[in-house]
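# Okay, predicted coordinates and the sequence, questions at the end:
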Amino acid sequence: MNTGTIILSVVFIIICALPFILSTRNSRKRKNDMLKALKALAEIKQASITKHEAGSDFVIGLDEPKNMVFFFKKNKEKTIKASLDLSDYKECRTLKFGKNLNSKSKSHAIDTLKLEFIPKDKTVTESQFEFYNEDINIQLSGELQIINTWQPLIQQRIAALN
């Protein structure tokens, strides 16, 4: 091969790879920024994040010694910061809202995916962490797996406190 062909090939490979590299870097930076915001929220409550997981536009964390759960979500429309003391709640459950895609098959599309916290005190309203909303996010990107991991973890902690 001659030098011109090699240089042209290298430039072409760089041009093709650059969007993927930039996308990955931006995603990592956004998740780190959200984690910093979550840790700052925990510090306000004199807590620390011992376990966390990040999604496309949210991060959820847990302070295991204090049994507190923290949630931070940031998208173009709004920023949500929430913290809950699990000793005030009797149940954590997953809420999935969707629609059937086809009457013959049992497949359905998820419109909204939330964690709902049911308080012990009936005068207090339920709290919800919205992991996914079809109106804001284009498609699911790991939210279902994250909610399926965190719901039993949180429910187990709530059950241990009661």
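Yep, that arrived.

# where exactly do the strands run in this protein?
51-54, 58-63, 68-74, 79-85, 89-100, 108-119, 127-133 (DSSP state E).

# Which residues belonging to the first one are considered buried?
What that stands for is strand 51-54. Neighbour-count burial for strand 51-54, with 16 or more other C-beta atoms under 10 Å as criterion, is recorded at 52, 53, 54. In this view, the C-beta of every residue, glycine as well, is placed from N, C-alpha and C.

# and those residues as TSV, adding pLDDT and distance to residue 96?
Output for the buried residues of strand 51-54, formatted as TSV (pLDDT from 0 to 100; distance: C-beta to C-beta, whole Å):
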residue	pLDDT	distance to residue 96
52	93	23
53	93	18
54	90	21
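
# If we only consider those, which is nearest to residue 13?
residue 54 (30.3 Å; C-beta to C-beta).

# Any figure for the gap between the closest one and residue 151?
17 Å (C-beta to C-beta, to the nearest Å).

# Adding distance to residue 41, write the strands of the chain out as CSV.
Listed next are these as CSV, based on distance: least, C-beta to C-beta, whole Å:
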stretch, distance to residue 41
strand 51-54, 12
strand 58-63, 9
strand 68-74, 5
strand 79-85, 5
strand 89-100, 18
strand 108-119, 16
strand 127-133, 13
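
# So for residue 3, which of those strands sits nearest?
strand 51-54 (44.8 Å).
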